[in-house]
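J.: fold the stuff below for me.
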Amino acid sequence: MIKTLKKLLIFAGIVMAYQLNSHNTVLAYNVPSASETQTISTNDKNTTKSQEDASKVSTTQDTSKTPLQNNVSNSSNVENTFAFSTSNVDNISNVPLDKIWTIQFNQPINLSSAESSIKVIDKKSNTEVPLNISLTKNNFCVTISTVSQYNSNNDYLLNIDNTLISTSNKHLETPFSMNFKTASKSASIDKITSVDNIDVSINQGDSYKLPDTVTAVMSSGNKNQVKVIWDKPFDSSSIPGNYIFEGTIEGYNKKVILSLLVNAPNKNNLSSISTTSAWIWQLQNLVDKYGSIDNLISKLKSLGINNVCIKYHEGSNPSGGGMNFRDDFLKYENNFKQAGFKVGTWGFNHFTDVEAESNLIIDAINHSDYYVLDVEDAVIGKTSESEQVCSIVRSKCPNAIIGYTSYPIASYHQDIPYSVFNKYCDFSAPQCYWGEMKWPIKKCMDKMIQDYKDYKLDKPIYPLIQTYDVYYSDYADYAAYKFKCSGLWSFDELDAKCLDFLKCEGSKLNN
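T.: The predicted model follows:
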């Protein structure tokens, strides 16, 4: 039943995105007579809740819901219309003078019909406002802007008549009109003066999402996050090449250009991640500590670090200890990537639920440049489960860069299946925490190297070293081993001695 309704329910939505504020969305559905409710979602404080219809068609763009007077077609011939709209939406106020309206449909629109059927009327002078009308998102979205600004503190009517047609020649069944009032001049002083273009580089097959917002410099000197609408979506299956996306921002008369370079895949290209990596355990807490994600990124860059490895899950669960690691990672993923970072993920592995944990690891890989298994006491005696997980992940992600991290002295932990991880992974990151072990740095490193040789663990070694409670000279002694790259455990616990070494001699950690 639900699948049948989805084919028949065709809607039009008007997205009214206010700069720096939550948005309003008007959705109206062409529904069979069994459904008797339509809703308008607004950013006002009215919390009256509308009924749900039998097929549970509703809008959930905002938390506040106001019931709208029913205006439902009882015609059973719904397949012949592409949109059904409510008759009126009133009293939208404080609209910016350079407002750009975006109208979204679920069928592509005929441009010439949009130009003739969409009008904005100045209610004070009863004259038609000159408009620029264009199509975006493969003609599913209509954008409406004025040739010159609206008058301040003035009433207008936006009207769409039923001559509007889709590219398949289907007409809007019911006209739509919306009253709105513009802001006063004093409310419209702070304007966007500039927005930087964006350069992004990814590998073919990487998961990437065009940003929903960009940073704009305002006339007041402030920097604000503003919504952007791109002219086309990104296809993750795109062949290698350079792709250009043009973004439209309300209140800004220039296009924002995003240049996306899709690189050809390079199987197990370890050199692409062979730089000092800052390992992060609780990303949101670290962002809070530095005040913002931009401040955290600036701090990392000031230390010569452009590689982060961020916790993504705990076993088969994206959460643990009150933290949702996956959600926090996804929140800031693009910030790191747009800043030119290599972004890795890691998870503390349990292998209790093989299928669920495998799927979560694959999900992490799809969002990152590399993934590291953290296999410690939770996988003791789980040779079969380790083999299953690694086999599933590698079969699904044959070209992914995958590493593993565990205790440094393999001979002390023979019940951990090091050989399985050596078989499936591309590198090892032994946890060389000599301070916690209460060993001299050289004893720890020499024993680790010898054990890995004795147990035929022959993958490249990128040690993970502690960032706290050791001497400055220890880092200098460690650097003398000249490993190709190193990981810092952890940036959450970075202390003054490690910070000083990174500032003065951090480049010695890469060879």
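J.: tell me where the stretch 351-500 of the chain has strands.
T.: 370-374, 402-405, 427-428, 431-432, 464-466, 487-489 (DSSP state E, counting those that start in this stretch).
J.: need those in a markdown table with mean neighbour count, distance to I361 and mean pLDDT, can you?
T.: No exception for glycine: its C-beta is placed from N, CA and C like everyone else's. Below are the strands of the stretch 351-500 of the chain laid out as a markdown table (neighbours: other Cβ atoms under 10 Å; distance: least, Cβ to Cβ, whole Å; pLDDT from 0 to 100):
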| stretch | mean neighbour count | distance to I361 | mean pLDDT |
| --- | --- | --- | --- |
| strand 370-374 | 25 | 6 | 98 |
| strand 402-405 | 24 | 9 | 97 |
| strand 427-428 | 24 | 16 | 97 |
| strand 431-432 | 24 | 19 | 98 |
| strand 464-466 | 24 | 19 | 98 |
| strand 487-489 | 25 | 18 | 98 |
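J.: where does pLDDT dip in the chain?
T.: Where the chain drops to pLDDT under 70, the residues are 1-90, 186-189, 264-268.
J.: let me see the domain layout of it.
T.: 2-188, 192-263, 270-509 (automatic domain parsing).
J.: now the strands for the stretch 201-350 of the chain?
T.: Using DSSP E, counting those that start in this stretch, strands in the stretch 201-350 of the chain cover 213-218, 223-227, 229-230, 241-248, 256-263, 277-280, 307-314, 319-320, 323-324, 342-348.
J.: in JSON lines: those strands, plus mean neighbour count.
T.: Listed next are these as JSON lines, based on neighbours: other Cβ atoms under 10 Å:
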{"stretch": "strand 213-218", "mean neighbour count": "17"}
{"stretch": "strand 223-227", "mean neighbour count": "16"}
{"stretch": "strand 229-230", "mean neighbour count": "19"}
{"stretch": "strand 241-248", "mean neighbour count": "16"}
{"stretch": "strand 256-263", "mean neighbour count": "17"}
{"stretch": "strand 277-280", "mean neighbour count": "26"}
{"stretch": "strand 307-314", "mean neighbour count": "25"}
{"stretch": "strand 319-320", "mean neighbour count": "14"}
{"stretch": "strand 323-324", "mean neighbour count": "16"}
{"stretch": "strand 342-348", "mean neighbour count": "23"}
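J.: okay if I get those as JSON lines plus distance to I92?
T.: Formatted as JSON lines, the strands of the stretch 201-350 of the chain follow (distance: least, Cβ to Cβ, whole Å):
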{"stretch": "strand 213-218", "distance to I92": "22"}
{"stretch": "strand 223-227", "distance to I92": "17"}
{"stretch": "strand 229-230", "distance to I92": "19"}
{"stretch": "strand 241-248", "distance to I92": "20"}
{"stretch": "strand 256-263", "distance to I92": "26"}
{"stretch": "strand 277-280", "distance to I92": "43"}
{"stretch": "strand 307-314", "distance to I92": "41"}
{"stretch": "strand 319-320", "distance to I92": "39"}
{"stretch": "strand 323-324", "distance to I92": "36"}
{"stretch": "strand 342-348", "distance to I92": "40"}
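J.: ok, which of these comes nearest E385?
T.: strand 342-348 (14.5 Å; Cβ to Cβ).
J.: so what strands line up beside the closest one?
T.: strand 307-314 (parallel), strand 370-374 (parallel) (DSSP bridges).
J.: just to revisit the earlier point, so which of the domains of the chain is the most surrounded?
T.: Each of the domains of the chain was scored by mean neighbour count; the highest is domain 270-509, a mean of 19, by mean count of other Cβ atoms under 10 Å.
J.: thinking again about what came up before, what's the closest of the strands paired with strand 342-348 to P240?
T.: Smallest distance to P240 across these (Cβ to Cβ): 19.4 Å, for strand 370-374.
J.: dump that closest one to CSV, restricted to CA.
T.: Extracted in CSV, the C-alpha atoms of strand 370-374 (Å, rounded to 0.1, in the frame of the first residue of the first chain):
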residue,chain,number,x,y,z
TYR,A,370,41.9,4.9,5.8
TYR,A,371,40.7,2.8,8.7
VAL,A,372,42.6,1.2,11.7
LEU,A,373,41.4,-1.8,13.7
ASP,A,374,42.0,-1.4,17.4
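J.: so what touches that strand?
T.: 273, 309, 312, 342, 344-349, 361, 364-365, 390, 400-406, 421, 425, 429 (Cβ atoms under 8 Å, 6 or more residues apart in numbering).
J.: end to end on stretch 184-200, go ahead and measure it.
T.: Criterion Cα to Cα, to the nearest Å; first-to-last residue distance in stretch 184-200 is 39 Å.
J.: cool, stretch 373-381 as well?
T.: Using Cα to Cα, the end-to-end distance of stretch 373-381 comes out at 16 Å.
J.: distance from the chain centre to it, please.
T.: Averaging C-alpha positions (Cα atoms, centre = their mean, to the nearest Å) puts stretch 373-381 30 Å from its chain's average.
J.: could you do stretch 491-503 as well?
T.: Worked out by Cα atoms, centre = their mean, stretch 491-503 lies 29 Å from the chain centre.
J.: list of residues touching it?
T.: By Cβ under 8 Å, 6+ apart, the surrounding residues in contact with stretch 491-503 are 278-282, 285-286, 300, 303-305, 308, 466-472, 475-476, 488.
J.: tell me who's in contact with the residue nearest to P430 when sequence neighbours are not counted.
T.: Nearest residue to P430, sequence neighbours excluded (Cβ to Cβ, 6 or more residues apart in numbering): P408, at 4.0 Å. P408 sits next to 430-433, 444, 447-448, 451, 463 when contact means Cβ under 8 Å, 6+ apart.
J.: among those, which are in helices?
T.: Of the contacts of P408, the ones assigned to helices by DSSP state H are 444, 447-448, 451.
J.: from these, pick the one nearest V354.
T.: Nearest to V354 among the ones in helices among the contacts of P408 is D451, at 28.0 Å by Cβ to Cβ.
J.: any idea how far the closest residue to the closest one other than its chain neighbours lies from Y312?
T.: Residue nearest to D451 in three dimensions, not counting chain neighbours: A410, with 4.3 Å by Cβ to Cβ, 6+ apart. A410 sits 25 Å away from Y312, going by Cβ to Cβ, to the nearest Å.
J.: V226 too?
T.: 29 Å.
J.: same question for E333.
T.: Separation of E333 from Y312 (Cβ to Cβ): 10 Å.
J.: residues that sit against both of these two, list them.
T.: Common neighbours of E333 and Y312 (criterion: Cβ under 8 Å, 6+ apart): 367-368.
J.: SS state for the residue in the chain sticking out farthest from the centre?
T.: Each residue of the chain has a distance to the centre, and by Cα atoms, centre = their mean the biggest one is for S125: 45.3 Å. At S125 the chain is in coil, as set by DSSP: H, G, I helix; E, B strand; the rest coil.
J.: now it: how far from N154?
T.: Separation of S125 from N154 (Cβ to Cβ): 9 Å.
J.: how about I416?
T.: Taking Cβ to Cβ, one finds I416 at 72 Å from N154.
J.: same question, W281
T.: Per Cβ to Cβ, W281 is found 54 Å from N154.
J.: I'd like the ones in helices among the contacts of P408 laid out as a markdown table, including distance to L164.
T.: Formatted as a markdown table, these follow (distance: Cβ to Cβ, whole Å):
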| residue | distance to L164 |
| --- | --- |
| C444 | 72 |
| K447 | 75 |
| M448 | 70 |
| D451 | 73 |
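J.: so who does the residue lying closest to Q225 once chain neighbours are set aside touch?
T.: Nearest residue to Q225, sequence neighbours excluded (Cβ to Cβ, 6+ apart): T213, at 4.3 Å. Neighbouring residues of T213 by Cβ under 8 Å, 6+ apart: 225-228.
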